[in-house]
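> Next comes the sequence, and after it the predicted model I'd like to discuss.
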Amino acid sequence: MHFEKSKKILAMLKGANHILINVHRNPDLDSVGSALAFKYILAKLGKKVTIIGPHPVEPAFLFLPGASTIQTVDFHTFDFKPHDLFLILDSASAQIVTSDPKLPLPSLPLLVIDHHKGNNIEANTKLVKEDASATAEIIYYLLQDWKMKITKDLATILFSAICHDTVFFKYTENDNETFLIISDLIKLGADKNTVLFHIYNNLSFEFMKHVAFVLAKMKQENGFVWTALSHDEYKKMGCPVGLREYVSDHFIQSIKGSQFGVVMIEEEPGKLCIGLRSKTGLDISIFAKKLGGGGHLYRAGATVYGKDFEKVIALIRNTYCKYEKAFEGRPRGPAGL
């Protein structure tokens, strides 16, 4: 058995009838894929399943079986009464689930499965594996513990979730485990080429022009780079879904001489969504926590309300200076950096 709680989790799932599953705010493919994987599993157990989230799923993710059934809801008005279990995946706090820092989770039995550091959700049952590169890896191990067959569709769903959360293995928490899982999923029929096409090779011309605009606004500090869009600029673009994540994952940490990068987009008036990416092993989650967010060593994020770009950068700058002073002279990052 990979997890001592595997039997307890399965019993909890079998004991429920109508299970609610979340996709978190601004859902990435690990969130979407993990939810769809569990929907697939629970359907085999004869359970009724509803997947909800506070923000729409990116159109690029709709190639996955069942993705079009995910409902975008307002957590303030959604009717939770018909459900007897809330399965919370890939979310370290209530705010990540609901997108509202003041809104508590519903009074339902809660089952949490996650891979983020500092998960603070109080639940009836909770499984957190911080050294997993994606929540989908935990689901893979649960399926092994439960001796459940992984079909071709399920393999593709799990494969896509892990690939996207690691940016095709750019950020892995445990190389050995991740690559062994990926190898097995490909043997089981995961369609690598379809995932690559829909996620990385199918971007619109207009989207790439938006990426170029964000990059053109980039500024360089001593040790890091940053770029920011006001709400007016973002709205003028048509509020493209996934823009912050794409720039964060593929460009912002790539500048020679910098240790990390920051992308900020005011997606709603007064609501600043922030992506942070490291490349030398500097723990970027420290900066995210200072901003009320969280994440991993190389990849983290936060949402800040009522603060402007310069105030956020000032806080990051000060935090970075303290970090550098504390770790001065210590080796960090890949060899040669």
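Arrived safely.

> The closest residue to L62 other than its chain neighbours and L203, how far apart?
Among residues not flanking L62 along the chain, S68 sits closest, at 5.6 Å (CB to CB, 6 or more residues apart in numbering). Placement of C-beta: from N, CA and C, glycine included. Separation of S68 from L203 (CB to CB, to the nearest Å): 20 Å.

> who has more neighbours, these two?
Neighbours were counted for S68 and for L203 using other CB atoms under 10 Å; L203 has more, 13 against 10.

> for that one, helix, strand, or coil?
coil (DSSP: H, G, I helix; E, B strand; the rest coil).

> what's the answer for the one 5 residues further on, then?
Look at M208: counting by three-state DSSP, its state is helix.

> Could you report the distance from it to S248?
For M208, the distance to S248 - CB to CB - is 15 Å.

> between those two, which one's more packed in?
With neighbours defined as other CB under 10 Å, M208 and S248 compare such that S248 has more, 25 against 11.

> Wait, that one touches V263, no?
Yes. S248 sits in contact with V263 when judged by CB atoms under 8 Å, with a separation of 4.6 Å.

> which SS class is V262?
Assignment for V262 (three-state DSSP): strand.

> now the closest residue to it other than its chain neighbours: how far from M148?
Spatial nearest neighbour of V262, chain neighbours left out: W226 (4.0 Å); criterion: CB to CB, 6+ apart. According to CB to CB, W226 stands 45 Å off from M148.

> Please identify which of those two sits among more neighbours.
Under the criterion of other CB under 10 Å, the comparison of W226 against M148 puts W226 first, with 23 against 15.

> per-residue pLDDT, the residue nearest to L62?
In this model, S68 is scored at 95, pLDDT.

> residues shared between the contacts of S248 and V263?
Shared contacts of S248 and V263, defined by CB atoms under 8 Å, 6 or more residues apart in numbering, are found at G275, L276.

> the helices in the stretch 1-150 of the chain, which residues?
All helices of the stretch 1-150 of the chain, identified by DSSP state H, counting those that start in this stretch, fall at 6-14, 29-44, 94-98, 135-145.

> Where among the ones you listed is average confidence lowest?
helix 94-98 (a mean of 93).

> Can you give the distance of it from its chain's centre?
12 Å (CA atoms, centre = their mean, to the nearest Å).

> who does the helix or strand where S160 lies touch, helix- and strand-wise?
Element membership for S160 (DSSP states H and E) is helix 152-165. Contact here means 3 or more CB pairs under 8 Å, 6 or more residues apart in numbering; DSSP states H and E; on that basis helix 152-165 packs against helix 29-44, helix 135-145, helix 175-187, helix 192-200.

> Could you check the angle that helix makes with helix 29-44?
Put simply, helix 152-165 runs at 160 degrees to helix 29-44, going by axes from the mean of the first three to the mean of the last three CA atoms, to 10 degrees.

> got the contact list for the one helix or strand Y320 maps to?
Following DSSP H and E, the helix or strand that holds Y320 is helix 309-326. For helix 309-326, the external contacting residues (CB under 8 Å, 6+ apart) are 221, 223-224, 226, 228, 262, 264, 272, 274, 282-283, 286-287, 290-291, 304.

> mind saving the C-alpha coords of the helix holding S160 as PDB?
Only the C-alpha atoms of helix 152-165 are listed here, as PDB (Å, rounded to 0.1, in the frame of the first residue of the first chain):
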ATOM      1  CA  LYS A 152      -6.500   4.500 -21.900                       C
ATOM      2  CA  ASP A 153      -8.800   7.500 -21.300                       C
ATOM      3  CA  LEU A 154      -7.900   7.600 -17.600                       C
ATOM      4  CA  ALA A 155      -4.200   7.200 -18.400                       C
ATOM      5  CA  THR A 156      -4.500  10.200 -20.800                       C
ATOM      6  CA  ILE A 157      -6.300  12.300 -18.100                       C
ATOM      7  CA  LEU A 158      -3.700  11.600 -15.500                       C
ATOM      8  CA  PHE A 159      -0.800  12.100 -18.000                       C
ATOM      9  CA  SER A 160      -2.100  15.500 -19.100                       C
ATOM     10  CA  ALA A 161      -2.500  16.600 -15.500                       C
ATOM     11  CA  ILE A 162       1.000  15.700 -14.500                       C
ATOM     12  CA  CYS A 163       2.500  17.100 -17.700                       C
ATOM     13  CA  HIS A 164       0.700  20.500 -17.300                       C
ATOM     14  CA  ASP A 165       1.500  20.900 -13.600                       C
END
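
> so where is the stretch 151-300 of the chain shaky, pLDDT-wise?
Applying pLDDT under 70 to the stretch 151-300 of the chain flags no residue at all.

> cutoff 80 now
Within the stretch 151-300 of the chain, the stretches with pLDDT under 80 are 171, 173, 280-281.
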